[in-house]
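K.L.:
With the input below, show me the fold.
(one chain, ligands or ions: 1)
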Amino acid sequence: MAVLEKNQLLETLAGLSQKSWLEALDAVEASIHEVDREATRIWFAFWPLELQEALGSGDDPKQMAKVMDLEGEWTLDEAIDASVSFLYGAHHWPATKKAILAHGGPATSLSQTIQDLAGKVAASEKVDVSLVTGITAVGLMMLRIVGDDALSAVVDHPASGDLLPKDPGRVLSNRKRESRDGLFTFLRGVNRRWDVRWDESRRDGVYRAINQQDLAMAGASAEGDYRSLDYRRIDGPVPVECRVGSCGYCWVGLLAGKDNLTPITPFEQERLRYFGYDTVNGEADSHPLVRLACQAQCHGDVTVTIPPWNGELKRRHDTGRDKLGTS
Ligand code: FES
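P.N.:
Presented below is the predicted three-dimensional model:
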């Protein structure tokens, strides 16, 4: 009976489009604690349903990955516990997975299911439900993408990697803390420099940017061995190749400070659309959550998170079918 119920949940989730998922996120957004509101949307941008559907649509996912010029680590099955580490709710990841796998079937809607399950996780973890609503939405999409066998195999595993401080207030105050130069900008004039936090869980997860410098170029001055973290990070914490908006390596999610970047230009907007990175960006939003680091210049402190892959999702539609010889 439990297996049947689990399949019913998966079947229902499998019938939902990316648009339906984002509408459900809209519906629960106000219920997500501020500490994870942006992070939840960014996770959905980093792991779009379209990518998973594209990889599963042909006989050979590796060939499809070549068609889409994927680089990095794009397989969510292998990153179940790593992909959530930038969310505060990662502290409650095992409990979230358990609640989802034990769930019989969706309630009346996806948004209601998210809220019902988040209530169960909150009760078991003895925390406010707002702190686990985002990670519950992520967990449901995880189930949709990787399936219940893969999720069950790691159900007891904690989120991998270093996590954010346990106190959500501290996370928020760290994000809002002005850099030393920020406090004395009136003294430094055009020589102002800003903090770019690229990994909130690391003590050294911050580099400095000159006023109006783009996030990718500023990262090049950061000292450290970033290639050992990700082979695409050849010149600082942010993966880069072209530096002119052509390659798509440098996309980032803005956890805080998005208004401290220059407004998005029509060119950057078009490039984000081309790569398929713009799934959570509002069309009219001048400062969206997902940006190309080489196109966004900063005039204040920002906190970003970096996806583990890059590619051209749209090529599947524009040229991929031809390349694969399918109709
Ligand atoms: S480095 Fe190529 S798009 Fe930014």
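K.L.:
Only C-alpha atoms from now on, for both contacts and neighbour counts.
P.N.:
Fine.
K.L.:
State the phi and psi torsions of the closest residue in space to residue 253 that isn't next to it in sequence.
P.N.:
Leaving out its chain neighbours, the residue that sits closest to residue 253 by Cα to Cα, 6 or more residues apart in numbering is residue 290, at 4.6 Å. The phi/psi pair for residue 290 (degrees, to the nearest 10) reads phi -110, psi 130.
K.L.:
wait, residue 290 sits on residue 250?
P.N.:
No - the pair residue 290 and residue 250 fails to qualify as a contact (Cα atoms under 8 Å) at a distance of 10.4 Å.
K.L.:
which residues are common contacts for those two?
P.N.:
With Cα atoms under 8 Å, 6 or more residues apart in numbering applied, the contact sets of residue 290 and residue 250 do not overlap.
K.L.:
how far away is the residue nearest to residue 253 from residue 113?
P.N.:
27 Å (Cα to Cα, to the nearest Å).
K.L.:
out of the two, which sits in the more crowded spot?
P.N.:
residue 290 (25 against 21; other Cα atoms under 10 Å).
K.L.:
what kind of secondary structure is residue 81 in?
P.N.:
coil (DSSP: H, G, I helix; E, B strand; the rest coil).
K.L.:
Test my guess that it contacts residue 157.
P.N.:
Yes - proximity of residue 81 to residue 157 meets the contact threshold set by Cα under 8 Å, at 7.2 Å.
K.L.:
Report the contact partners of the closest residue to the ligand within the stretch 51-200 of the chain.
P.N.:
Residue of the stretch 51-200 of the chain nearest the ligand, by Cα to the nearest ligand atom: residue 71 (12.5 Å). Counting by Cα under 8 Å, 6+ apart, residue 71 makes contact with 232, 309, 310, 311.
K.L.:
Quick check on it: phi, psi?
P.N.:
Dihedral angles for residue 71 - degrees, to the nearest 10 - are phi -130, psi 150.
K.L.:
That one and residue 250, how far apart?
P.N.:
Taking Cα to Cα, one finds residue 71 at 12 Å from residue 250.
K.L.:
list residues touching both of these two?
P.N.:
Joint contacts of residue 71 and residue 250 (Cα under 8 Å, 6+ apart) are residue 310.
K.L.:
The ligand contacts on the stretch 151-300 of the chain?
P.N.:
Residues of the stretch 151-300 of the chain lying close to the ligand (Cα under 6 Å from any ligand atom) are 240-250, 292-294.
K.L.:
Tabulate those (a markdown table), appending neighbour count.
P.N.:
Below are those laid out as a markdown table (neighbours: other Cα atoms under 10 Å):
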| residue | neighbour count |
| --- | --- |
| 240 | 25 |
| 241 | 18 |
| 242 | 11 |
| 243 | 18 |
| 244 | 13 |
| 245 | 20 |
| 246 | 14 |
| 247 | 18 |
| 248 | 26 |
| 249 | 28 |
| 250 | 27 |
| 292 | 27 |
| 293 | 29 |
| 294 | 26 |
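K.L.:
List just the nearest of the residues you listed to residue 153.
P.N.:
residue 249 (31.4 Å; Cα to Cα).
K.L.:
got the domain boundaries for the chain?
P.N.:
2-153, 168-310 (automatic domain parsing).
K.L.:
Quick check: mean pLDDT of the last one?
P.N.:
Confidence over domain 168-310, taken as the mean pLDDT, stands at 92.
K.L.:
And for stretch 24-33?
P.N.:
97.
K.L.:
Now do the contacts for the most centrally placed residue in the chain.
P.N.:
Among the residues of the chain, the one closest to the centroid is residue 43, at 2.9 Å (Cα atoms, centre = their mean). Applying Cα under 8 Å, 6+ apart to residue 43 gives the contacts 83, 84, 138.
K.L.:
right, and out of those residues, which lies closest to residue 215?
P.N.:
When those are compared against residue 215 (criterion: Cα to Cα), the nearest one is residue 83, at 22.2 Å.
K.L.:
Contacts only, for that closest one.
P.N.:
Residue 83 neighbours (Cα under 8 Å, 6+ apart): 43, 76.
K.L.:
Please determine how far it is located from residue 214.
P.N.:
Distance from residue 83 to residue 214, by Cα to Cα: 26 Å.
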